[in-house]
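1. Next one to model:
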Amino acid sequence: MTIDRDLAYVLLLAALFLVPRFLQRWNVPAAISALALGAAFGLGLGLFQEDATITLLSTLGIVALFLFAGLEVNFRELRRGASLLVQHLVVRLLMVAGIAWAATIWLDLAWRPAILVALALVTPSTGFILDSLDGLGSSPQERFWIRSKAIAVELVALGILFVDLRSTTATDLLVSVAALVALVAFLPLAIKTFANLIAPFAPKSDFSFLVILAIAAAMVTKKLGVYYLVGAFVVGIVAQRYREKMPSMLDDRMLHAVEALASLFVPFYFFHAGLELKRADFSPDALMLGGLFVAIVLPLRLLIVGVHRRIVLHESFADGIRVTVPMLPTLVFTLVLAGILRSEFQVSPTIFGGLIVYALINTTLPSLILRRPSTATYEEIRLPGSPDEPG
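-> Next comes the predicted model:
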């Protein structure tokens, strides 16, 4: 099918920013709508495949997404529930190890791709989850635990991802760790230099500087082989930690500006992910594997977290479900890791497609189970850290 290029871009903009909003009335998350649109444009119309413009916009989307995530990480909030969070992380690590071991046996994978499969199955998509909480009617207490657990798991998952991808040899891992440490050491210096030498003579340039710094760091970590999101996330955390040097970086206007940037470009990330899908990814075997992931991993995640909360907090399973169910979606991490598994480890379309099917299902479940309309938007990374919410 042949469509004028300019008209195709107009149709794309209309589809990405109007159709998902319309479908939300039926509890279809906007991110999944954009993913489906990408598949429809690619597989159905043959448009935008290997399009450099869409690839660039997609990269800006994932960078803005995780820059905002890093800016919203609040370590004071994490320390409030430190004891329970540490226990939760230990349980998650054991779960990752167990699922990875099973993947080496049943999926015939080596340990490194098996660990990535495990992370793809159990790492919550933090931003999507927290942006959905208002629609799910979560209480302040529930929001605190959901937010804290999701952020803590994401931090650990990024660390495991880095080590796993760079552990081909001990030398490779050491060099990569040294490069990442050098990047982290450079960022405060860059922020201080900008604050002292440039910002006084370039009013209102804070936002541009932060975005440029995030893009540069994302490119560095991409060169290290650990994808864009790690660099952008690190920039957000460092900027948040050094905000006394540039208070304007963390005021409400700056956060809203980064959030708006993410809102503008994140749809292109999900659309691009949809373009990457192939018909072979949805073969009967892939659908069956995705169904097995849903049937085995989702109940396991619900049961383990529910039992843990019952033992430690003495709450009923009915109350625990209000915390465990919203943490089910894995959309962003599954998309990223599935792409890495395909490009770096050449996993079969069956495994790739099974992960995608699993992510699509677990992302739509919370609004269906809790029977609240979905309000999840493209502002994928919203990690509220306001200290006024009770723990």
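
2. got the phi/psi numbers for E315?
-> phi -100, psi 160 (degrees, to the nearest 10).

3. Run the chain-centre distance for the helix or strand hosting I356.
-> Assessed by DSSP states H and E, I356 sits inside helix 349-369. The chain centroid and the centroid of helix 349-369 are separated by 14 Å under CA atoms, centre = their mean, to the nearest Å.

4. for stretch 306-319, same thing?
-> Relative to the chain's own centre, stretch 306-319 is displaced by 27 Å; criterion: CA atoms, centre = their mean.

5. what mean pLDDT does the helix holding I356 have?
-> Here helix 349-369 scores 88 as its mean pLDDT.

6. Equivalent analysis for stretch 106-126, please.
-> 93.

7. coming back round to it: name the helices or strands packed onto the helix holding I356?
-> Under the contact criterion of 3 or more CB pairs under 8 Å, 6 or more residues apart in numbering; DSSP states H and E, helix 349-369 touches helix 30-39, helix 111-122, helix 133-136, helix 284-313, helix 331-345. Where C-beta positions appear, they are placed from N, C-alpha and C, glycine not excepted.

8. and if we set it to 6 Å?
-> On a contact count with 3 or more CB pairs under 6 Å, 6 or more residues apart in numbering; DSSP states H and E, helix 349-369 meets helix 284-313, helix 331-345.

9. Can I get these in a markdown table including distance to T59 and mean pLDDT?
-> As requested, the helices and strands packed on helix 349-369 are exported to a markdown table (distance: least, CB to CB, whole Å; pLDDT from 0 to 100):
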| stretch | distance to T59 | mean pLDDT |
| --- | --- | --- |
| helix 284-313 | 27 | 89 |
| helix 331-345 | 12 | 91 |
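
10. Pull out the buried positions in stretch 35-53.
-> L35, A36, L37, G38, A39, F41, G42, L43, L47, F48, D51 (16 or more other CB atoms under 10 Å).

11. Just the residues contacting it, thanks.
-> M1, A8, A15, I54, F270, F271, A273, G274, L275, L277 (CB atoms under 6 Å, 6 or more residues apart in numbering).

12. quick revisit: just checking: the least confident one among the buried residues of stretch 35-53 is which?
-> Within those, pLDDT is lowest for L47, at 78.

13. what are the phi and psi angles of it?
-> phi -110, psi 150.

14. swap in K204?
-> According to degrees, to the nearest 10, K204 has phi 60, psi 30.

15. what's the burial count for it?
-> 9 (other CB atoms under 10 Å).

16. Check S139 too.
-> When neighbours are counted by other CB under 10 Å, S139 comes out with 13.

17. A257 against F207, yeah?
-> Yes. Using CB atoms under 6 Å, A257 makes contact with F207 at a distance of 5.0 Å.

18. ok, back up a step: buried stuff in the helix holding I356?
-> So helix 349-369, judged by 16+ other CB under 10 Å, has buried residues 349-364, 366-367.

19. next structured bit after the helix or strand of the chain with the lowest mean pLDDT?
-> None of the helices or strands of the chain scores lower by mean pLDDT, DSSP states H and E than helix 133-136, at a mean of 61. Downstream of helix 133-136, the first helix or strand assigned by DSSP H and E is helix 140-165.

20. Can you give me the buried ones in that next one?
-> Buried-residue list, helix 140-165, by 16+ other CB under 10 Å: 142-158, 160-162, 164-165.

21. thinking again about what came up before, C-alpha coordinates for the helix holding I356, CSV please?
-> Output of helix 349-369 as CSV, limited to C-alpha atoms (Å, rounded to 0.1, in the frame of the first residue of the first chain):
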residue,chain,number,x,y,z
PRO,A,349,10.6,-15.7,17.8
THR,A,350,8.7,-18.1,20.1
ILE,A,351,10.5,-16.7,23.2
PHE,A,352,10.4,-13.1,22.0
GLY,A,353,6.7,-13.4,21.2
GLY,A,354,5.9,-15.2,24.4
LEU,A,355,7.4,-12.3,26.4
ILE,A,356,5.4,-9.8,24.4
VAL,A,357,2.1,-11.7,24.9
TYR,A,358,2.9,-11.9,28.7
ALA,A,359,3.5,-8.2,28.9
LEU,A,360,0.4,-7.3,27.0
ILE,A,361,-1.8,-9.4,29.3
ASN,A,362,-0.2,-8.4,32.7
THR,A,363,-0.4,-4.7,31.7
THR,A,364,-4.2,-4.8,31.2
LEU,A,365,-5.0,-7.0,34.2
PRO,A,366,-4.9,-4.4,37.1
SER,A,367,-7.7,-2.2,35.8
LEU,A,368,-9.8,-5.3,35.0
ILE,A,369,-9.2,-7.1,38.4
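
22. Hey, what's the angle from that helix to helix 331-345? Just curious.
-> Angle of helix 349-369 versus helix 331-345, following axes from the mean of the first three to the mean of the last three CA atoms, to 10 degrees, is 180 degrees.

23. who touches helix 349-369?
-> 27, 29, 32, 120, 280-282, 285-287, 289-290, 293-294, 325-326, 328-331, 334, 338, 342, 374.

24. Buried ones among these?
-> 27, 29, 32, 120, 281-282, 286, 289-290, 293-294, 325-326, 328-331, 334, 338, 342, 374.

25. related to what we said a few turns ago, possible to save the buried residues of stretch 35-53 as CSV with distance to L85?
-> Shown next, in CSV, are those (distance: CB to CB, whole Å):
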residue, distance to L85
L35, 31
A36, 35
L37, 37
G38, 35
A39, 37
F41, 41
G42, 40
L43, 42
L47, 45
F48, 42
D51, 42
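
26. What is the most widely separated pair among those?
-> A36 and D51 (17.8 Å; CB to CB).

27. In this structure V305 contacts R322, no?
-> No. If you go by CB under 6 Å, V305 and R322 don't touch, sitting 11.5 Å apart.
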